[in-house]
Every structure is written in structure tokens, then in C-alpha cells.
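> fold the following and give me the result.
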Amino acid sequence: MKGRVIDIIVYLMQQINEREKGLSHFERLTKDLQNRGYTEAEINAAYFWVLEKLRLRLGQLTRSRKGQPKKSSRILHTTESIFFSRKGYGYLIQLYQLGLINDEQREQIIQRAVMSGLDNIGELEVKMLAARLLMNSDETVGDPGRLLLLDESAEGTVH
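As a prediction, the model looks like this:
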């Protein structure tokens, strides 16, 4: 389930960034996701995660007088680039640009990918690394959305 929820989260963040309307068109997005075969539990988990992430980010912005620094670019070292497929690294960039992961998390994903010893790491592997990282993030400790991401069942049963 966690890979499917990450897919929904990416979709929602793309919609927020493209339309600049936030989640105001909730019903249309939900219907679209249901038509794509996602369960109500998966959709709810993704919405909850996005809303919680936005709430945390808003809290950080209000505490910071200078605001958020600009996003940095990251070019893979030649050794690192051997491990990633174009689609895999492209997906990592997309997660970063959408604000789903920060600089430190991006580095952790790259590190874990390199340490895995696998070559040609694609979108699916990056998605799984990101899901594990996001579930274990300090920001999500005690967060009910974390429990929904942890659920491995296809039906979306929450334990």
C-alpha cells in the first residue's frame, strides 16, 4: 500500500503546484483517484499526509523570520550516477521539487541507494526508499498518517 500512497501524494502535490489552488477541488481529485483504482483508505492516507506536511511547513515558516531558503540543485557524482536509471533519478528530483523530501532526505535516499549495491535503480526502488524514509521521519513520529503509510495490505486496513 505504501507505494500506492506515495503515488497519490506525488499526484496531489503536482496538482497543488500546477493549479495553485491547494486542495480546493478535493471532490474532483478524489473521483479521479478512485477512477484510477485507488482505494478510499489509500486516498485518505495520502490526503492526511499532505495536509499534515503542509501544517508542519506552515508552522516552520511562521517561526522563521527569513522564510525558506531556495531549493538547491544536486548533481550526482559519477560514482553515484552508476546506480540510478534516468527515471529513478528523475523521480527523486520530482519528490524533492514537490517538497515531499528535503535536502537531508534526498541525500539519505542517494546514500541508501548506493549502499544497496544495486545498479539501475528505477522509480519503484526510489519510491520504496522514500516511503521508508518518510515513515521513519522525526516529523511523523506519533502521527496517525504514519500508521496508514506503514500498512502493507492491499485493502488498506488500518491496524
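> tell me where the longest helix sits in this protein.
Assignment by DSSP state H gives helix 40-63 as the longest helix of the chain.
> next secondary structure element downstream of that helix?
For helix 40-63, the succeeding helix or strand toward the C-terminus, using DSSP states H and E, is helix 78-81.
> how about that following helix as CSV, C-alpha atoms only?
Written as CSV, here are the backbone C-alpha positions of helix 78-81 (Å, rounded to 0.1, in the frame of the first residue of the first chain):
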residue,chain,number,x,y,z
THR,A,78,30.0,9.9,-11.4
THR,A,79,30.1,7.0,-9.0
GLU,A,80,26.6,7.7,-7.7
SER,A,81,25.1,8.1,-11.2
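> low-scoring stretches of the chain, by residue?
Along the chain, the parts satisfying pLDDT under 70 run over 1, 19-24, 57-72, 137-159.
> in three-state terms, label the most centrally placed residue in it for me.
Among the residues of the chain, Leu100 comes closest to the average C-alpha position under C-alpha atoms, centre = their mean, at 4.3 Å. Per DSSP: H, G, I helix; E, B strand; the rest coil, the secondary structure class of Leu100 is coil.
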